Structures are given as C-alpha cells and as structure tokens.
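A.B. asks: fold the stuff below for me.
(one chain, ligands or ions: 1)
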Amino acid sequence: MTLYKYIEKNPEYFREYNKMYYQNNVEYYKAYAKKYNKNNADKIKEYKSQKMTCECGKTFNITNKIQHQKTKIHEKLIEKLNNINIV
Ligand SMILES: [Zn+2]
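C.D. replies: Next comes the predicted model:
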C-alpha cells in the first residue's frame, strides 16, 4: 500500500497525528516564526506596504486584498465591467 493510499484510508489517524506533532513542536514553531519575522522584518514590512490595483480599478494595500474583494464596491464595479464586456 502506498503512503498516499494509507493516508486516504486513515484520515482520522493522520489528523490526530498532525495535531499531536504540532502540539509537541509548537514551541519550536513559535520560536522559528519569531526568528523568521525578526530576520525578515524589512522584507515583511516592505511586502505589507505594497499597493496593488484590483481589476475593478481600486488601489489598496496588498494585505487588504481579500477584504477588498468582499466589499460591495468591488462587486458592483466588477459587475459593471462585466456588463461593459457583454455590450
Ligand atoms: Zn476590486
């Protein structure tokens, strides 16, 4: 049996295993994330301050992309664009 098949047949086991593994190593992950953030503070800051322009024409902060896509303004503008494309 391949590992993939085994996982497929025993999803609960693997879910528990992953949870346990994570819990046992949570301090390690936390320390790693902290270290990573510290070492890459400038890069992260730079990334987060990036602006991007949506297909609807609005400009927003890259970290707000998902939030923006859920807004009514975005929906309306996309709807408008789609209508223009049809005509
Ligand atoms: Zn948009």
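A.B. asks: which SSE is the most centrally placed residue in the chain in?
C.D. replies: The residue lying closest to the centre of the chain (C-alpha atoms, centre = their mean) is Ile66, at 8.9 Å. Using DSSP states H and E, Ile66 maps to helix 65-69.
A.B. asks: distance from that helix to the middle of the chain?
C.D. replies: 11 Å (C-alpha atoms, centre = their mean, to the nearest Å).
A.B. asks: any idea how far the ion is from the residue nearest to the centre of the chain?
C.D. replies: According to C-beta to the ion, to the nearest Å, Ile66 stands 11 Å off from the ion. From N, CA and C alone the C-beta is placed, and that goes for glycine too.
A.B. asks: now for the helix holding Ile66, which elements pack on it?
C.D. replies: The helices and strands touching helix 65-69, judged by 3 or more C-beta pairs under 8 Å, 6 or more residues apart in numbering; DSSP states H and E, number zero.
A.B. asks: mind doing that once more with 10 Å?
C.D. replies: strand 59-61, helix 72-86 (3 or more C-beta pairs under 10 Å, 6 or more residues apart in numbering; DSSP states H and E).
A.B. asks: can you tell me which of the ones you listed is packed in deepest?
C.D. replies: Comparing the helices and strands packed on helix 65-69 by mean neighbour count (mean count of other C-beta atoms under 10 Å), strand 59-61 ranks first with a mean of 13.
A.B. asks: quick one on the thing from earlier: need the helices and strands packed on helix 65-69 in CSV (columns: mean pLDDT and distance to the ion).
C.D. replies: Compiled in CSV, the helices and strands packed on helix 65-69 are given as follows (pLDDT from 0 to 100; distance: least, C-beta to the ion, whole Å):
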stretch, mean pLDDT, distance to the ion
strand 59-61, 94, 8
helix 72-86, 89, 4
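A.B. asks: spell out which parts of this structure neighbour the ion.
C.D. replies: Counting by C-beta under 5 Å from the ion, the chain comes close to the ion at 54, 56, 58, 74.
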